[in-house]
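1. have a look at this prediction, sequence included:
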Amino acid sequence: MKKKTQKTTLFAGAIALAGCFALTPVYAASVGLLHPKIATITEVANPQGGQATLSGITSRSVNTHGVDTASGGGNAIANLGALLTPIQAPASPTYSSPTDASNQIGTMLNYDMAQFAQQVAGLMQSGQPMADVKQAVFTYTVPVTIVGGGQPVKGFVNDTCFINPDASYNCLGAAYNSGVTKIIYAVYEQGAVSQGLPANWTLPNPGDLEWAELEVQSSGAGATQSFLTVQGQIWHTVSYLQNGGPLGQYGQYDMYQVGTVANQQALINCGATAGGACTQYQPGAWVPDPNNSQNVGSLTYDQQTPVDLLAKNVIAPLEQQYGASSAVLLYGKTVAPVYNPGPNNTSVAQTAVDIQQRVINPGGMFFFISRGAGGQFREQGVYGFLLNQQVDQYTVDATGNATFSNSFTRHVVSPTQPFSKSVALTGGYQPSGPAIINPFPTGNQIYSYLNDTVNHLPASAYVQVAPIVIQ
């Protein structure tokens with residue numbers, strides 16, 4: 001990472017870190033460097049002037065890797081209809097064939113999707129009611145009638161789009177179906193990166209692939225999206241981390257990287273070369289890669305090779321095993337810490353806090369009559385420093401063909417220091433809304449993260465604040 005020669009200091013409050021229509025949003029917890037907090041949004045567009053009704057539910061996290069699918073686990077979002085304008089419905093529900101329906105509705109959606117993505121991104125950027133959401137999965141459904149084959153047949157046309165906080169998006173493509181669509185949602189974190197992080201900083205969840213299955217149901221009067229429980233859990237983690245190699249560790253599907261090995265510039269994760277190009281992708285290996293006349297590495301390589309292997313060896317088998325018709329793969333690439341100007345020509349690494357759980361324990365039968373009767377406010381999470389990471393997004397079909405969709409940048413936390421805090425509730429006080437316990441070892445003050453008068457961090461430094469749950 002090239003930057004000015006400046007002294008780098010860390011936030012004083014952090015201890016030393018060791019090495020290290022219906023719309024229904026449903027949230028998944030954000031944990032690792034890539035693992036996103038997701039809002040699933042559905043719209044059923046009713047042709048012939050049908051009115052769209054907007055509502056929303058935010059579901060609390062079951063655990064650090066899941067979505068609460070149990071009844072009563074969410075809070076209604078008020079006035080969502082005033083925040084998002086539905087995409088228009090087609091003028092007529094009747095089409096000559098499934099292909100005709102898919103083509104016409106897909107063309108219409110492509111025309112309107114950019115404006116809708118801007119609206120959704122605005123909600124992600126502004127916080128409530130989509131605070132901390134890193135990506136929105138939007139499914140647009142139109143009930144249709146196919147008349148070209150004689151007897152009219154009723155079905156649905158769906159398209160699922162993935163919207164990022166910068167309003168970029170990609171859609172899988174409008175398709176006719178009469179029931180259920182399943183999509184594998186997967187994220188891969190590289191085992192190591194050669195550049196971008198200061199010495200002794202590590203990536204969380206290195207070499208991990210996390211995946212879940214998203215189901216879209218198009219039946220009855222509406223459409224729904226939900227993450228399915230597979231083998232007792234929603235998110236699944238598979239480690240492809242290996243020890244050794246020039247960076248000390250690597251993932252089996254890491255990207256080619258240019259770095260320094262044995263005091264010389266090298267192309268990492270390459271096993272053989274010919275004619276100025278890498279001819280063998282081999283994780284953990286390296287070959288010399290001296291600069292050319294443009295002062296960059298002279299060897300060429302296909303950066304999609306590891307993505308293609310991951311898609312064919314891992315993602316496609318998951319699609320086939322669990323009956324998914326497609327997959328979305330997020331592949332983490334470059335990372336860089338976020339620095340702020342400090343005093344005396346210093347650069348201060350931006351502190352970041354991820355509050356993963358806030359719980360109120362009543363503590364006794366008289367709590368709801370007199371809230372001074374021994375209640376506890378508990379909080380857990382991690383803090384560290386803010387990183388910017390570039391993420392490449394791919395669509396993977398059932399045969400393992402990976403198609404690049406777009407790139408975007410997200411904020412993540414690394415390295416991380418876990419914390420667990422508990423404060424007795426007395427005097428009738430009950431925390432709510434933005435109230436948190438000071439996550440640092442400097443005290444147990446309760447304050448609003450939106451107005452941090454204790455550590456003087458901006459609200460943006462709190463990358464996730466879990467909802468308060470009474471247990």
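-> That came through, no problem. Note that the coordinates shown come from a computational prediction; the quantities given were computed from them, not determined experimentally. Residues are numbered from 1 along each chain as shown.
2. how many neighbours does G275 have?
-> 7 (other C-beta atoms under 10 Å). C-beta coordinates here come from the backbone N, C-alpha and C atoms, glycine included.
3. tell me how far S168 lies from A101.
-> Using C-beta to C-beta, to the nearest Å, S168 is found at 27 Å from A101.
4. ditto for T160
-> For T160 relative to A101 (C-beta to C-beta), the value is 16 Å.
5. likewise for Q249?
-> 50 Å.
6. looking at these two, which one has more neighbours?
-> Relative neighbour count places A101 above the other of Q249 and A101, with 25 against 17, counting by other C-beta under 10 Å.
7. check which element follows the helix or strand harbouring the more buried one along the chain.
-> Using DSSP states H and E, A101 maps to helix 98-126. Later in the chain than helix 98-126, the nearest helix or strand by DSSP H and E is strand 135-146.
8. what's that next one packed up against?
-> Judged by 3 or more C-beta pairs under 8 Å, 6 or more residues apart in numbering; DSSP states H and E, strand 135-146 is in contact with strand 38-44, strand 94-95, helix 98-126, strand 153-163, strand 208-219, strand 222-227.
9. and the third one, how far out from the chain's middle?
-> Meaning helix 98-126. Relative to its parent chain, helix 98-126 has a centroid offset of 20 Å by C-alpha atoms, centre = their mean, to the nearest Å.
10. helices or strands up against that helix?
-> strand 135-146, strand 153-163, strand 169-171, strand 175-177.
11. can you tell me which of the ones you listed is most buried?
-> Neighbour counts (mean count of other C-beta atoms under 10 Å) averaged over each of these peak at strand 135-146, with a mean of 24.
12. and that strand, how far from the chain's centre?
-> 21 Å.
13. quick one: it to strand 208-219, angle?
-> 30 degrees (axes from the mean of the first three to the mean of the last three C-alpha atoms, to 10 degrees).
14. and strand 135-146 with strand 153-163, angle?
-> Put simply, strand 135-146 runs at 160 degrees to strand 153-163, going by the same axes, to 10 degrees.
15. the chain: helices as residue ranges?
-> 98-126, 305-310, 316-322 (DSSP state H).
16. winner for burial among the ones you listed?
-> helix 305-310 (a mean of 20).
17. CA atoms of it as CSV?
-> C-alpha atoms of helix 305-310 as CSV (Å, rounded to 0.1, in the frame of the first residue of the first chain):
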residue,chain,number,x,y,z
THR,A,305,-9.1,-18.8,-13.1
PRO,A,306,-9.5,-19.3,-9.3
VAL,A,307,-13.1,-18.1,-9.5
ASP,A,308,-13.9,-20.6,-12.3
LEU,A,309,-12.4,-23.4,-10.3
LEU,A,310,-14.4,-22.4,-7.2
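18. just the residues contacting that helix, thanks.
-> 188, 209, 253-256, 269, 281, 283, 329, 331, 392, 394, 400, 402 (C-beta atoms under 8 Å, 6 or more residues apart in numbering).
19. and T409, what's its pLDDT?
-> pLDDT, T409: 81.
20. quick one on the thing from earlier: looking at the helices of the chain, which has the lowest confidence?
-> helix 98-126 (a mean of 89).
21. tilt between that one and strand 38-44?
-> Using the same axes, to 10 degrees: helix 98-126 against strand 38-44 is 140 degrees.
22. what comes into contact with stretch 101-115?
-> 87-88, 90, 95, 140, 142, 144, 146, 155, 157, 159, 161, 167, 169, 171, 173-176.
23. tell me how far N110 lies from A167.
-> Relative to A167, N110 is positioned 15 Å away (criterion: C-beta to C-beta).
24. ditto for V469
-> 32 Å.
25. higher neighbour count, the two?
-> Using other C-beta under 10 Å, the more surrounded residue of V469 and A167 is A167, with 18 against 15.
26. shouldn't that one be in contact with M124?
-> No. Between A167 and M124 there is no contact, the gap being 9.1 Å when judged by C-beta atoms under 8 Å.
27. below-threshold pLDDT in this protein: ranges please.
-> 1-37, 47-82, 126-132, 149, 178-179, 194-196, 199-204, 218-223, 363-374 (pLDDT under 70).
28. okay, which residue of it is out on the far edge from center?
-> G150 (45.5 Å; C-alpha atoms, centre = their mean).
29. number of residues surrounding the closest residue in space to L450 that isn't next to it in sequence?
-> Of all residues not flanking L450 in the chain, P434 sits nearest, at 4.6 Å (C-beta to C-beta, 6 or more residues apart in numbering). Residues lying near P434 (other C-beta under 10 Å) number 18.
30. any idea how far P434 is from P306?
-> For P434, the distance to P306 equals 41 Å [C-beta to C-beta].
31. ditto for I446
-> Using C-beta to C-beta, I446 is found at 46 Å from P306.
32. so who does the residue farthest from the centre of the chain touch?
-> G150 neighbours (C-beta under 8 Å, 6+ apart): none.
33. what comes up buried for stretch 277-293?
-> 278, 281, 283-287, 289 (16 or more other C-beta atoms under 10 Å).
34. who touches that stretch?
-> For stretch 277-293, the external contacting residues (C-beta under 8 Å, 6+ apart) are 242, 244-246, 250-254, 256, 258, 261, 264-273, 297-301, 305-306, 309.
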